[in-house]
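Enquirer: Pasting the sequence and the predicted coordinates here, then a few questions.
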Amino acid sequence: MKRRKNKSLLAVFVISILIIAAVVVALHRKNEKNNPVPTDSYTPIPTGTEPAQSSAAPSTAAPEEPKPTDSLEIRTDYEDFLPNEAGEIPIIMFHRFIEAYEPNTDKEYTTTFEEFRALLQTLYDQGFRLISMQDFIDCNISVPAGTMPMVFTFDDGSSGQFNLIEEDGQYKANPKSAVGVMMEFHEKHPDFGLKGIFYINMDIGDNTFKGQGALKERFEFLENLGFELGSHTWGHVDYSEIHSKDKVLESLGKNQEKAEEILPGLRFYSLALPYGSRPSDESLRPILQKGNYNGMEYYHESIMAVGAAPSAPSISMNYDSLYVRRIRAQGRVAVDADLTWWLPKMTAERMFISDGDPQTIVVPLDKAENIDEQKLNGKKFISYDNKSAKE
């Protein structure tokens, strides 16, 4: 009887211990939920939006590295790599592309595909990255921190720049064209960018990018790749010889009109001046930017010259949207102020060096006065002391 009583007391004791332990564990879990144990975690650089809060339980495992977005690298250690978004941006002007030079080949405006391929590698190795003309105008620079933006422009719409060929019942960019070479390079170096703007003369009709496919299909193919189209006037006009308002309006309005007939909705927002010439009558120059021809309105946000230096960025006090400088690509023979001549002169101290964030404009203190803050369009303006960083 006594032994049975002892067993009952032992059972009650064990049950009591188990109940107390269960209560302690429950209280601990409740406290842990309200006050989670801190763990090491990756903190991304702010890009204008707050990161979403995770409801996952804390983990002591090492966090995964964030995946890059379009190879975009953003840095805020400005004193270490000295960004300068007040610096100049090179806009390169190309014309003809061929497989090989011949005795009668133009000496200054023609490039071979092999030379172009080598040039792309040189530009990439020196830290240049391509942006669109629209992003140049908006100063919406989305290239990795420490790299330099560059714009490619192509005048005249020649087949060496781009044409379509048919393969297995489908159209594709001819690999023996500037676009074909760029696509090949982009496969190896996607962070270089696949962008550029083609300035075309609609009066040459189907000879624009002459090759397979209808003109509409050629235009759509380029746009689907991410390229842009701009105006080079109806008739490749030399404005230094034009003295009539009606002639200026026709050269631009008719070019826009015919473009929309081919591809509805296509608007030329940028103009490249043939020969870089403007009317000697300055009262005619405003209608290079905007006008109306037979009810067709046109407006050019940028008007491109022929040369012969890098351009100020669009947020600069020195930027002139009505006459934007370009650098001519080297032709068969090198000349002063072409791209080969400029490359060693486009140093980090002179050029636009990106901080990687398109929503900020970062400049050294001694360059801050060069920025027109009215052109920032909501971007955050940051200046830093680069002098102490150099010392």
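Expert: Thanks, I have the structure now. Numbering: from 1, shown residues only.

Enquirer: Now do the contacts for R75.
Expert: By Cβ atoms under 8 Å, 6 or more residues apart in numbering, the contact list for R75 reads I45, F81, P83, A145, G146, D355, G356. Using the backbone N, CA and C atoms, a C-beta is placed for each residue, glycine as well.

Enquirer: residues touching T147, list them.
Expert: G127, F128, R129, I353, S354.

Enquirer: Go through these and say which is closest to F227.
Expert: When those are compared for distance to F227 (Cβ to Cβ), R129 wins out at 15.9 Å.

Enquirer: Can you give me the neighbour number for that closest one?
Expert: Using other Cβ atoms under 10 Å, the number of residues around R129 comes to 21.

Enquirer: for the stretch 1-150 of the chain, what spans make up the strands?
Expert: Using DSSP state E, counting those that start in this stretch, the strands of the stretch 1-150 of the chain run over 91-94, 96-98, 110-112, 128-130, 148-155.

Enquirer: The residue nearest in space to the middle of the chain and K258, how far apart?
Expert: Taking Cα atoms, centre = their mean, the centroid of the chain lies closest to I131, which sits 2.4 Å from it. I131 sits 28 Å away from K258, taking Cβ to Cβ, to the nearest Å as the criterion.

Enquirer: Then Y299?
Expert: Taken as Cβ to Cβ, the span from Y299 to K258 is 17 Å.

Enquirer: For the residue lying closest to M150 once chain neighbours are set aside, give the beta-bridge partners.
Expert: Computed as Cβ to Cβ, 6 or more residues apart in numbering, the closest residue to M150 that is not its neighbour in sequence is F128, at 4.4 Å. Beta-bridge partners recorded for F128 (DSSP bridges): M148.

Enquirer: so who does F128 touch?
Expert: P90, T147, M148, P149, M150.

Enquirer: what two of the residues you listed have the greatest distance between them?
Expert: Of all pairs in these, the most separated under Cβ to Cβ is P90 and T147 at 12.8 Å.

Enquirer: one step back: of Y299 and K258, who's got more company?
Expert: Each of Y299 and K258 has its neighbours counted (other Cβ under 10 Å); K258 has more, 18 against 13.

Enquirer: Any chance of JSON lines for the strands of the stretch 1-150 of the chain, columns mean pLDDT and distance to D320?
Expert: Formatted as JSON lines, those follow (pLDDT from 0 to 100; distance: least, Cβ to Cβ, whole Å):
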{"stretch": "strand 91-94", "mean pLDDT": "98", "distance to D320": "13"}
{"stretch": "strand 96-98", "mean pLDDT": "97", "distance to D320": "28"}
{"stretch": "strand 110-112", "mean pLDDT": "96", "distance to D320": "28"}
{"stretch": "strand 128-130", "mean pLDDT": "98", "distance to D320": "23"}
{"stretch": "strand 148-155", "mean pLDDT": "98", "distance to D320": "16"}
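
Enquirer: In a markdown table: those, plus distance to L266.
Expert: Conversion of those to a markdown table gives the following (distance: least, Cβ to Cβ, whole Å):
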| stretch | distance to L266 |
| --- | --- |
| strand 91-94 | 21 |
| strand 96-98 | 24 |
| strand 110-112 | 27 |
| strand 128-130 | 22 |
| strand 148-155 | 16 |
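
Enquirer: Can you tell me which of those is nearest to R332?
Expert: When the strands of the stretch 1-150 of the chain are compared (using Cβ to Cβ), the closest one is strand 110-112, at 5.9 Å.

Enquirer: Pull the distance from that closest one to the chain's centre.
Expert: Chain-centre distance of strand 110-112: 25 Å, with Cα atoms, centre = their mean, to the nearest Å.

Enquirer: Note down every partner strand of it and its orientation.
Expert: By DSSP bridges, strand 110-112 pairs with strand 96-98 (parallel).

Enquirer: is it true that Q330 touches D338?
Expert: Yes. Q330 lies in contact with D338 (Cβ atoms under 8 Å); the separation is 4.6 Å.

Enquirer: Residue ranges in the stretch 251-391 of the chain under the pLDDT threshold?
Expert: Counting by pLDDT under 70, the low-confidence segments of the stretch 251-391 of the chain come to 388-391.

Enquirer: which residues touch whichever strand or helix holds H186?
Expert: Using DSSP states H and E, H186 sits in helix 178-188. For helix 178-188, contacts defined as Cβ under 8 Å, 6+ apart pick out 94, 97, 113, 116-117, 120-121, 124, 154, 160-162, 173-175, 192-194, 196, 222, 225, 227.

Enquirer: List the buried residues of that helix.
Expert: Residues of helix 178-188 classed as buried: A178, V179, G180, V181, M182, F185, H186 (neighbour count, 16 or more other Cβ atoms under 10 Å).

Enquirer: and which of the residues you listed is nearest A348?
Expert: Nearest member of the buried residues of helix 178-188 to A348, counting by Cβ to Cβ, is F185, at 23.6 Å.

Enquirer: Do you know the pLDDT at the closest one?
Expert: Per-residue pLDDT puts F185 at 98.

Enquirer: Next one: it from K216, what distance?
Expert: Taking Cβ to Cβ, one finds F185 at 27 Å from K216.
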